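fold the stuff below for me.
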Amino acid sequence: MQAGSSAESGEVQQKSETRSNWLRAIGLIATLVGIGLFSFLVYSVGLDEIAANVDARSWQATIVEYLGGRLSAETFLKKASPEELLTEAHAYIGIKSHIDGDRATALQHLQWVKEKGRRDYTEYGLALGELDRIEREP
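Sure, this is the predicted structure:
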């Protein structure tokens with residue numbers, strides 16, 4: 001029985017590593033063409049496709065709900081638990097607000113990430129990149 005568990009564990013780890021490598025590659029491509037990873041994923045894969053591949057009770061599903069407009073920013077922030085997820089929530093709110101044309105809200109949330117966010121989260125870098133894009137806008 002343990003051998004099966006070990007094999008399953010190895011398979012899960014391999015899938016996780018494959019996903020991580022895939023996301024790094026997409027992030028590099030997105031950076032090279034001047035858009036954020038978030039925008040690239042949403043526009044190339046689509047929220048419905050992402051939602052179909054995550055557990056409906058997961059944090060990732062909550063992100064998809066917010067991005068799809070089925071959840072307010074306030075509710076999204078309240079669901080960001082444990083507290084470490086606030087970095088992700090503020091980053092996604094900031095990026096989505098920028099895409100939606102709400103520069104003031106975007107700056108507020110992206111600045112929060114810059115000042116208080118977890119630097120070891122991918123979304124920290126995404127938020128700083130988006131902040132840089134906003135600051136370079138005419």
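
how much space between residue 104 and residue 67?
According to C-beta to C-beta, to the nearest Å, residue 104 and residue 67 sit 20 Å apart. Where C-beta positions appear, they are placed from N, C-alpha and C, glycine not excepted.

out of these two, which sits in the busier spot?
Neighbour comparison, residue 104 and residue 67: the larger count goes to residue 67, with 21 against 7 (by other C-beta atoms under 10 Å).

name the helix or strand of this protein that has the lowest mean pLDDT.
Least confident helix or strand of the chain, by mean pLDDT, DSSP states H and E, is helix 2-32 with a mean of 56.

which residues of this structure score low on pLDDT?
1-45 (pLDDT under 70).

and this structure, what are its domains?
By the assignment in automatic domain parsing, the chain contains the domains 1-34, 46-136.

so of these, which one's packed in deepest?
Greatest average neighbour count among the domains of the chain goes to domain 46-136 (a mean of 17), per mean count of other C-beta atoms under 10 Å.

any idea how far apart the tips of that domain sit?
End-to-end distance for domain 46-136, by C-alpha to C-alpha, to the nearest Å: 27 Å.

ok, stretch 79-86 next?
One end of stretch 79-86 sits 9 Å from the other (C-alpha to C-alpha).
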